[in-house]
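Q: Predicted model and sequence below, questions to follow.
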Amino acid sequence: MNDEYVFRQFEEIEQKVERLIEICKAHEATNLELKLKIKSLEEEIQGKVEAERSYAEEKALIRSKIDGLLTRINEISE
């Protein structure tokens with residue numbers, strides 16, 4: 001009787017350990033998925049930062065050319 005009780009406890013412990021292992025594997029898979037998503041979003045952000053920087057440089061160049069043209073127009077009209 002006592003051995004049977006111990007045997008059932010071991011079986012119960014084995015089942016719980018197996019369930020914990022399954023849960024850990026599921027969490028590892030989810031964690032990997034989230035890490036990949038984070039990497040993808042960071043790359044997307046970096047691309048947008050670079051595009052914004054390029055846009056700002058282009059805007060500054062256009063502003064500079066407009067200012068230069070306005071200066072030339074003012075010089076001619078005087």
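A: Right, received. Where do you want to start?

Q: Just the CA coordinates for stretch 53-64, please, in CSV.
A: In CSV, the C-alpha atoms belonging to stretch 53-64 read as follows (Å, rounded to 0.1, in the frame of the first residue of the first chain):
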residue,chain,number,x,y,z
ARG,A,53,17.3,62.5,-41.7
SER,A,54,17.4,62.4,-45.5
TYR,A,55,14.2,64.5,-45.7
ALA,A,56,15.6,67.1,-43.2
GLU,A,57,18.8,67.3,-45.3
GLU,A,58,16.8,67.7,-48.5
LYS,A,59,14.6,70.3,-46.9
ALA,A,60,17.6,72.3,-45.6
LEU,A,61,19.2,72.2,-49.1
ILE,A,62,15.9,73.4,-50.7
ARG,A,63,15.7,76.2,-48.1
SER,A,64,19.3,77.2,-48.8
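
Q: Pull the residues that contact that stretch.
A: Outside of stretch 53-64, no residue comes within contact range by C-beta atoms under 8 Å, 6 or more residues apart in numbering. In short, each C-beta sits where N, CA and C put it, glycine included.

Q: tell me the pLDDT at Y5?
A: Here, the pLDDT recorded for Y5 equals 89.

Q: no no, V49
A: What the model reports for V49 is a pLDDT of 97.
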